[in-house]
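Participant: What follows is a predicted protein model with its sequence.
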Amino acid sequence: MSFLKADEINVQYEDMHVLQEVTMEIDQQKIVTIVGANGAGKTTFLKTIAGILRPTSGEIRFLGDRIDHLYPHKIVEKGLVRIPEGRKIFPSLSVLENLELGSYLPKPKAKRPESLEKVFFLFPVLKERSKQLAGTLSGGEQQMLAIGRGIMSLPRLLMLDEPSLGLAPVLVREIFRSVREINKQGTTILLVEQNVFTALDLAHDGYVLENGRIVLKGKSKDLLHNEHIKEAFLGI
């Protein structure tokens, strides 16, 4: 049984066909990345898994159960958590308050102390700034906070949408180091990322999305040597 399986997913915005027959399987405790240019449909796919968008056809199953008809909060209850592009933190709340909001459901709330300890281990700077207003953090620190808030929800699958966007290279390395560590601790990762080389280097498996369709898939190391990817994304 697949951990998560999307089968022939189609999504439309009014008369625009954004995702076309997208099929994808994600194995448990793996890092899977979706790469592609702007407008390829990567964020739309994550929103569809998260229940924010409804597929016009196709199925999404998590551990064998269909989830494509569920409301977003019910999908979060099952352990599928999305970290949106642009962080979407609450700037007028403290770092600690932002993190606590990630554990609003009963089970995560009961494990809040353990989860906080885990987040502060991954991102020590958040512990140092726990009483600071989130809006005063740097861009990299805000991304750490967004990921930390997701961890507070006890994710079984953590979906990250462009976590490196707008960050300096040194911070990008730090964010991806934390993603690798989260995965080592047992959380499955679905990563959407424009930094193709970094994403494929980090992931176990990869999918290439172009104009709403999957055009390539395979082991990430193999995709790094694919001629189409070299030409289209790496400039080689």
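Facilitator: Great, that's in hand. Residues are numbered from 1 along each chain as shown.
Participant: make it CA atoms for all contacts and neighbour counts henceforth
Facilitator: OK.
Participant: Checking Val11 next. Helix, strand or coil?
Facilitator: Following DSSP: H, G, I helix; E, B strand; the rest coil, we place Val11 in the strand state.
Participant: Give me the residues contacting the longest helix along the chain.
Facilitator: Looking across the chain with DSSP state H, the single longest helix is helix 169-184. Applying CA atoms under 8 Å, 6 or more residues apart in numbering, the set of residues contacting helix 169-184 from outside is Gln29, Lys30, Ile31, Leu122, Gly140, Gln143, Met144, Pro163, Ser164, Ile189, Leu202.
Participant: Name the member of these with the shortest distance to Leu96.
Facilitator: Ranked by distance to Leu96 (CA to CA), the contacts of helix 169-184 are led by Met144 at 12.5 Å.
Participant: The closest one: helix or strand, and which one exactly?
Facilitator: helix 139-151 (DSSP states H and E).
Participant: ok so, going back, out of the contacts of helix 169-184, which two sit at the greatest distance?
Facilitator: Greatest spacing in those, by CA to CA: Gln29 and Gly140 (25.4 Å).
Participant: how close does Leu101 sit to Leu223?
Facilitator: In this view, Leu101 and Leu223 are 38 Å apart by CA to CA, to the nearest Å.
Participant: again with Val95
Facilitator: On the measure of CA to CA, Val95 and Leu223 end up 38 Å apart.
Participant: out of those two, which sits in the busier spot?
Facilitator: Applying other CA atoms under 10 Å to Val95 and Leu223 shows that Val95 carries more neighbours, namely 29 against 21.
Participant: so what's that one up against?
Facilitator: Counting by CA under 8 Å, 6+ apart, Val95 has contacts Leu126, Arg129, Ser130, Lys131, Gln132, Leu133, Ala134, Leu145.
Participant: and Glu100, how many residues sit next to it?
Facilitator: So Glu100, with other CA under 10 Å, has 20 neighbours.
Participant: what do you get for Glu97?
Facilitator: Glu97, neighbours per other CA under 10 Å, totals 17.
Participant: Please settle this for me: is it part of a helix?
Facilitator: Yes: judged by three-state DSSP, Glu97 forms part of a helix.
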